[in-house]
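> Model the structure of this input:
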Amino acid sequence: MLGGVCASAACSSEGGDGAGQGTGGVAAGNVSAVPVGHLAFVSGASAILGRDAGGLYAMSAICTHQSCDMSERGAIASGVVSCACHGSKFSATGEVTNGPASSALRHFKVELAADGSITIQKGSAVDAATRAAVPG
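The predicted structure follows:
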């Protein structure tokens, strides 16, 4: 980082909501490997997959401050998503808990196939409360 500007390829001039980071379906594993309480980056997708009592959800891994890709320059620990570029932190559901970011992470539609395969639809934004139900 130089003078407060991210000098890494992990930051971009694209919108801070994950737009432009690929908008097609992204394979995100199988629900059998995603327990309640799970929160992790989806490899190569600039996305985060979570599961809570309501089901599966996905959100952008692009920080809303200056578009740093947190899957490359960030971490997830104890349900907190942290951006290593400028220190922003987000809750497990994408709400800002520490600036400089001032807007929540964008959420994406999650589809669950009959065989348990998970697909994140990065071109379909949804409300942060939206979950893909996991059959009991």
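> contacting residues around the longest strand seen in the chain?
Longest strand in the chain by number of residues, with DSSP state E as the criterion: strand 117-126. Residues from elsewhere that reach strand 117-126, judged by Cβ atoms under 8 Å, 6 or more residues apart in numbering: 18, 21-31, 34, 42, 45, 47, 49, 56, 58, 60, 106-113, 132. Every residue, glycine included, has its C-beta placed from N, CA and C.
> try 10 Å this time
Here strand 117-126 makes contact (Cβ atoms under 10 Å, 6 or more residues apart in numbering) with 17-19, 21-31, 33-34, 42, 45-49, 51, 56-60, 106-113, 130, 132, 134.
> mind listing which of those residues are in helices?
Among the contacts of strand 117-126, none falls in helices (DSSP state H).
> Can you say which of the residues you listed are buried?
The neighbour-count criterion (16 or more other Cβ atoms under 10 Å) marks 17-19, 21, 26, 28, 31, 34, 42, 45-49, 51, 56-60, 106-110, 112, 130, 132, 134 among these as buried.
> if I look at the closest residue to Glu95 other than its chain neighbours, how far off is Ala47?
Among residues not flanking Glu95 along the chain, Ala104 sits closest, at 5.1 Å (Cβ to Cβ, 6 or more residues apart in numbering). Distance, Ala104 to Ala47, by Cβ to Cβ, to the nearest Å: 15 Å.
> What about the nearest residue to Val81 once chain neighbours are set aside, how many residues nearby?
What sits nearest to Val81 in space, not counting adjacent residues and going by Cβ to Cβ, 6+ apart, is Phe90, at 4.3 Å. Close neighbours of Phe90, defined as other Cβ atoms under 10 Å, add up to 26.
> ok, the residue nearest to Glu95 - contacts?
17, 59-60, 64, 90-91, 93-96, 128.
> Would you agree it falls within a helix?
No - the assignment for Ala104, made by DSSP: H, G, I helix; E, B strand; the rest coil, is coil rather than a helix.
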